[in-house]
Structure formats: C-alpha cells, structure tokens
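Undergrad: Predicted coordinates and the sequence they were generated for:
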Amino acid sequence: MGTVVDAPAVVAEEVTENMLGGKKVTVVFVLGGPGSGKGTQCTNIVNHFGFDHLSAGDLLRAEIKSGSENGTMIENMIKEGKIVPSEVTIKLLQDAMIKSENDKFLIDGFPRNEENRAAFENVTKISPAFVLFFDCPEEVMESRLLGRNQGRVDDNIETIKKRFKTFVESSLPVIEYYDAKDKVKKIDAAKSITEVFEDVKVIFAPYSPKAPNKYICETMTTNP
Ligand SMILES: Nc1ncnc2c1ncn2[C@@H]1O[C@H](COP(=O)(O)OP(=O)(O)OP(=O)(O)O)[C@@H](O)[C@H]1O
Ligand SMILES: Nc1ccn([C@@H]2O[C@H](COP(=O)(O)O)[C@@H](O)[C@H]2O)c(=O)n1
Ligand SMILES: [Mg+2]
C-alpha cells in the first residue's frame, strides 16, 4: 500500500479523462472506518484545495429528511450499519456532482462495498484519481464516535459494532481492490487532526491550493 512519501507522482499520473454532464471531473474516494476522521479531513481539504465534499452518508441522511419514498428504508439500513443499495446512493452522488460548479470532488464514504464500486464504475464510467484511506484502530474510532455528539442514530455502541463488522467484511475488500491497482494512499489516522492534515497535504500537493478570497484580495490591494 502506498505511503504519503510517494504520493505526488502517482496523483499526477492518475488524473483521468472522466467526463460527467459535459465537464471533465477529478474524483478522489475517501475511505476509512467509521470515526476515522474522513469528514473532518475533507473539510480541511475543501478549504485548502478547493474540492467539493460529497459525503455519501450525509446525502443519505438528507434524503431521509426530505421525506423521500426511500427514507424509511435508508433510515433502517443506517440504524443497522448496513449498506444502502447502490442505485440510491449513486443517483444522489451523480446529481450532486452534476449540480456542482466544481470539477474536483472528494467522495467520502463511497464505495463502501463491491456492489457500490462496480455499479459506480458502470453507471458513471468515472475512475478515481486515487483513494485516500484513513487507517485507524477500532478502539480509537469507537471512542471518537461515542464522543461525537451530533445526534446521529448510528452513534451508539450496538450500531458502532455493526458498522465495524460491515467495514471489515465489505469495505476493506474495496480498499484492497484499489491497492492492487496502486491507487491507495494510506494515512495514519490515529494521530491528531493537525498531524493527519499535514500528511494529507503532502498527498494533495499536486493540486493547486484554493485561490484566496477575491474580496479579501481586492480589499488588501485598495487598502494596503
Ligand atoms: N485525528 C483526530 N483526532 C481526534 N479526534 C478526531 C480526529 N479526527 C476526527 N476526530 C473527531 O472524531 C469524530 C469522528 O470524526 P469524523 O466525523 O470526521 O469521522 P468519519 O470518518 O467521517 O466518521 P463516519 O464514517 O461515522 O461519518 C468527530 O467528533 C471528530 O471531531
Ligand atoms: N456508500 C454508503 C455510505 C453510507 N451508507 C450508510 O450511511 C451510514 C453512515 O455513513 P457515514 O459515511 O456517514 O458513516 C453507513 O453506516 C451506511 O448505513 C451507505 O449505505 N452507503
Ligand atoms: Mg463522516
């Protein structure tokens, strides 16, 4: 599995000609166990490198809130730590990517199993530039999830255990699939948020940092 040290060369090679809704897009899959810090680091990457963050879990939770006909099924799957059928999740991801004005996407928490992976590839024809894998021991993830306090229906010890089982049985094989293709960039996610982001930054170095806020630049020029 690749380390942060050799990341930039691989990233540069792997930017593919993925097209979606008439635009060329770059997709990075962000994977790791529940509570490994995917969402936290995606926020940092968005702020520094100008990607859009699409969390499959967040999109599914929004779908429940919207009163969609799939809402009850999705809620039951989330409570059981199970994986929602790919067609539902892929439609949400595809719609969000098409709606976005951005062309660089972090897809967080997807693909979660082989069905997710194969269906996404077949439907969108998009291959990830690389897979960012946050590697973290279960005891660390468990303590983070129990302290998260965001009112999630799956942040209780029974569901957490089920999510860990799903991760090992269904999600790790997806990471192994991409590792065999030399696409995985593994990060030690047990470190502090700041330390983890230092490693993440090395991997994203080939992507231009986000342009500074236009208003701030103009103000600085006119009021030096
Ligand atoms: N490196 C870290 N050190 C300590 N706490 C962290 C770290 N990264 C994230 N956290 C905290 O752990 C909790 C889980 O983080 P986060 O929501 O980013 O994980 P996740 O991988 O997206 O989880 P899930 O798969 O359940 O959505 C949050 O409360 C977050 O503030
Ligand atoms: N590809 C996915 C992603 C998520 N789910 C379901 O949502 C739950 C929460 O996901 P987080 O990424 O926010 O942890 C997850 O446990 C699954 O039940 C899914 O089905 N498919
Ligand atoms: Mg998350």
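TA: Sure, I can see it. Numbers count the residues shown, from 1 in each chain. Ligands and ions are numbered 1, 2, ... in the order given.

Undergrad: Report the next helix or strand after the one helix or strand Arg163 maps to in sequence order.
TA: Following DSSP states H and E, one finds Arg163 within helix 157-166. Later in the chain than helix 157-166, the nearest helix or strand by DSSP H and E is helix 172-180.

Undergrad: And that following helix, how far out from the chain middle?
TA: Relative to its chain's centre, helix 172-180 lies at 15 Å (CA atoms, centre = their mean, to the nearest Å).

Undergrad: anything in it sitting right up against ligand 2?
TA: No: using CB under 6 Å from any ligand atom, helix 172-180 never reaches ligand 2; the gap is at least 10.0 Å. Bear in mind the C-beta positions are built from the backbone N, C-alpha and C, glycine included.

Undergrad: quick one: average confidence on that helix?
TA: With pLDDT averaged residue by residue, helix 172-180 scores 98.

Undergrad: May I see the buried residues of it?
TA: Under the neighbour-count criterion of 16 or more other CB atoms under 10 Å, helix 172-180 has 174-175, 177-179 buried.

Undergrad: got the angle between that helix and helix 157-166?
TA: 40 degrees (axes from the mean of the first three to the mean of the last three CA atoms, to 10 degrees).

Undergrad: got the CA positions of helix 172-180 in PDB?
TA: Provided in PDB are the C-alpha atoms of helix 172-180 (Å, rounded to 0.1, in the frame of the first residue of the first chain):
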ATOM      1  CA  LEU A 172     -11.800  -3.300   3.300                       C
ATOM      2  CA  PRO A 173     -12.000  -5.600   0.200                       C
ATOM      3  CA  VAL A 174     -12.800  -2.400  -1.900                       C
ATOM      4  CA  ILE A 175      -9.600  -0.800  -0.500                       C
ATOM      5  CA  GLU A 176      -7.700  -4.000  -1.300                       C
ATOM      6  CA  TYR A 177      -9.100  -3.900  -4.800                       C
ATOM      7  CA  TYR A 178      -7.700  -0.300  -5.400                       C
ATOM      8  CA  ASP A 179      -4.500  -1.200  -3.600                       C
ATOM      9  CA  ALA A 180      -3.900  -3.900  -6.200                       C
END
